[in-house]
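K.L.:
test case, fold it:
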Amino acid sequence: MLKLSELLCLAGVHVTFLNTEHNHRRLLGSTDAGSRFERYPGKLSFEVISDGLREDHPRSAEDFEGIVKSLQGVAEAHLREMLRAERGRKVTCVIAEGMFDYAFEIGKEVGIPVFAFETVSPCYLGGCLCIPKLLDEKEVLDENLVRELKKGCLECGRIVSWAPQEEVLAHPAIGGFWTHSGWNSTLESIVAGKPMICWAQYVDQLVTRRLVSEVWKIGVDMEDRWDRLSVEKMVKELMMGSRRQEFKKSAQKFSKLARESVNNGGSSYTSLDHLINDIRKLSSIKHFENTLS
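P.N.:
Have a look, this model is predicted:
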């Protein structure tokens, strides 16, 4: 969402980014976001709100539904006030994470268009759309493994709370990526041309891991095998096994395709242009309506 905001700013669109206090602290404390966003004076601003949770709450994936529900309790009223308030510049539209359905209800209520921005893979969305038809026609982190991983990394690896993932993946020393198969991480690995070991947990990750391993042939799927021997076998298969060249060749192929898609004339480049033009048209309509009133 932040990268989309930057792209919109580069196109001259004014963006207000709504973030939680917890995430905003992490963003500023762990990245160069503060200095990076200074490139867009007057174009990008942040509004920060509480997520409704205690400071000592772990905010872990295991309580994902609870986090989303708590956030809604704060964000719903704040978003409604943001869209209704007169702040000088009129709000043309809202771009919201697709799972926050209340954003769409509020947009309809105040008469402001809302675009859904999905961070799950398109293949997963396609699968969801097929569920009704399939019905008509008739995967928890292992704490022991985590402890063993920390112990095994003492001499030959590192476990950190945050890392610049794109920079790490782009480094020539990286031969593979063990990932939870989130769509952003999968895309970043594809762009970097790095094969993957997929350890999916839930939602779209379960679909993405199958695409990576069975369709695109750019990695292996752990499925439900996370004992020491299975992990060792998959790492060796990815890094030095008989399929290493196959993985490497496929990863390079998809990396080329991904890079082409964001170049001038590529599919992603063109889709972003369409979005920007739609926002500009909405802005023109709003300006015309305000002039008439």
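K.L.:
what's downstream of the worst-scoring helix or strand of the chain on mean pLDDT, the next helix or strand?
P.N.:
Scoring the helices and strands of the chain by mean pLDDT, DSSP states H and E places helix 143-156 at the bottom, with a mean of 67. Per DSSP states H and E, helix 143-156 leads on to helix 165-170 as the next helix or strand towards the C-terminus.
K.L.:
hmm, who's touching that following helix?
P.N.:
With Cβ atoms under 8 Å, 6 or more residues apart in numbering as the test, helix 165-170 has contacts from I174, F177, S185, E188, S189, V191, A192, K194. Where C-beta positions appear, they are placed from N, C-alpha and C, glycine not excepted.
K.L.:
and for stretch 9-18?
P.N.:
Against stretch 9-18 from outside (Cβ under 8 Å, 6+ apart): 1-2, 5, 8, 40, 42-47, 49, 75, 78-79, 82, 89, 276, 279-280.
K.L.:
and the buried ones among those residues, selectable in PyMOL?
P.N.:
To isolate the buried members of the contacts of stretch 9-18 in PyMOL, using 16 or more other Cβ atoms under 10 Å:
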select buried, resi 5+8+40+43+44+49+75+79+82+276+279
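K.L.:
out of the contacts of stretch 9-18, which are inside helices?
P.N.:
L2, S5, L8, A75, H78, L79, M82, I276, I279, R280 (DSSP state H).
K.L.:
out of the residues you listed, which comes closest to R158?
P.N.:
Distance to R158, by Cβ to Cβ, is smallest for L2 among the ones in helices among the contacts of stretch 9-18, at 25.3 Å.
K.L.:
what about the strands in the stretch 1-150 of the chain?
P.N.:
15-20, 44-49, 94-97, 114-117 (DSSP state E, counting those that start in this stretch).
K.L.:
so how far is the last one from its chain's centroid?
P.N.:
This points to strand 114-117. Centre-to-centre, strand 114-117 and its host chain are 14 Å apart (Cα atoms, centre = their mean, to the nearest Å).
K.L.:
what of stretch 68-81?
P.N.:
Averaged C-alpha coordinates place stretch 68-81 at 20 Å from its chain's average position (Cα atoms, centre = their mean).
K.L.:
just the buried residues of it, please?
P.N.:
Within stretch 68-81, the residues scored as buried using 16+ other Cβ under 10 Å are S70, L71, Q72, A75, L79, R80.
K.L.:
likewise stretch 274-285?
P.N.:
L275, I276, I279, L282, S283.
K.L.:
how far does it sit from the chain's center?
P.N.:
The answer for stretch 274-285 is 24 Å, by Cα atoms, centre = their mean.
K.L.:
keeping just the C-alphas, turn that stretch into PDB.
P.N.:
Written as PDB, here are the backbone C-alpha positions of stretch 274-285 (Å, rounded to 0.1, in the frame of the first residue of the first chain):
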ATOM      1  CA  HIS A 274      -5.700   3.300 -15.700                       C
ATOM      2  CA  LEU A 275      -6.100   3.700 -11.900                       C
ATOM      3  CA  ILE A 276      -4.500   7.200 -12.000                       C
ATOM      4  CA  ASN A 277      -6.700   8.300 -14.900                       C
ATOM      5  CA  ASP A 278      -9.800   7.100 -13.100                       C
ATOM      6  CA  ILE A 279      -8.800   9.000 -10.000                       C
ATOM      7  CA  ARG A 280      -8.200  12.200 -12.100                       C
ATOM      8  CA  LYS A 281     -11.600  11.800 -13.700                       C
ATOM      9  CA  LEU A 282     -13.200  11.500 -10.300                       C
ATOM     10  CA  SER A 283     -11.400  14.600  -9.200                       C
ATOM     11  CA  SER A 284     -12.600  16.500 -12.200                       C
ATOM     12  CA  ILE A 285     -16.200  15.400 -11.600                       C
END
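K.L.:
that's all I had, so thanks and see you.
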